[in-house]
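starting from these lines, generate the structure:
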Amino acid sequence: TVARLAQIDPQELKKPLRVKFQNEDGLDAGGVKKEFFQLLSAELFVPQYGMFGKYQETNTLWFRNLPASMQPDETEFSMVGKLIGLAIYNSTLLDVSFPLIFYRILLDKMPAKP
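Modelled structure (predicted):
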């Protein structure tokens, strides 16, 4: 799924997403799409994958502090961003929590330094 996403023209990502699982007859009235994103995010955000760690005290995800030789490359982070964006664009909420600072960084709204 992630490799296929990398090959898609960005303009194609602005079309409504339709999901069909192999060997299933279900029509995508939103439930199949939601299940698709739930399954995908469950795989992408597990600590064993290495990109994000879950902090129990805040119940949020953050980038793992790994040695340079083990760090995922920039393309992998870009694909995760595209998947999150695709979910948002298709009005699908993901069951992932990032700390407030993550959103501030994305919006370039960092607090002023004292």
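
which element follows the helix or strand bottoming out on mean pLDDT in the chain toward the C-terminus?
Of the helices and strands making up the chain, the lowest-confidence element is helix 2-7, at a mean of 73, by mean pLDDT, DSSP states H and E. Along the chain past helix 2-7, the next helix or strand (assigned with DSSP states H and E) turns out to be helix 31-44.

give me the residues contacting the following helix or strand past that following helix.
Tracing the chain past helix 31-44, the next element assigned as helix or strand by DSSP H and E is strand 52-55. The contact list for strand 52-55, computed with C-beta atoms under 8 Å, 6 or more residues apart in numbering, reads Phe45, Pro47, Thr60, Leu61, Trp62, Phe63, Arg64, Asn65. In short, each C-beta sits where N, CA and C put it, glycine included.

turn those residues into a markdown table, including neighbour count and distance to Gly85.
A markdown table is the format used below for those (neighbours: other C-beta atoms under 10 Å; distance: C-beta to C-beta, whole Å):
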| residue | neighbour count | distance to Gly85 |
| --- | --- | --- |
| Phe45 | 19 | 15 |
| Pro47 | 11 | 23 |
| Thr60 | 17 | 19 |
| Leu61 | 19 | 16 |
| Trp62 | 14 | 19 |
| Phe63 | 13 | 18 |
| Arg64 | 15 | 21 |
| Asn65 | 7 | 25 |
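
what's the closest of these to Thr92?
Closest approach to Thr92 among those (C-beta to C-beta): Phe45, at 15.0 Å.

and that closest one, how far from Ser69?
Remark: distance between Phe45 and Ser69 (C-beta to C-beta, to the nearest Å) = 22 Å.

Val46 versus Leu66, what's the distance?
Leu66 sits 15 Å away from Val46, going by C-beta to C-beta.

burial check on the nearest residue to Pro111 once chain neighbours are set aside, number of neighbours?
Nearest residue to Pro111 in three dimensions, chain neighbours excluded: Arg104, at 7.5 Å (C-beta to C-beta, 6 or more residues apart in numbering). A total of 12 residues lie near Arg104 under the criterion other C-beta atoms under 10 Å.

how close does Arg104 get to Leu86?
Noted for Arg104: a distance of 22 Å to Leu86, by C-beta to C-beta.
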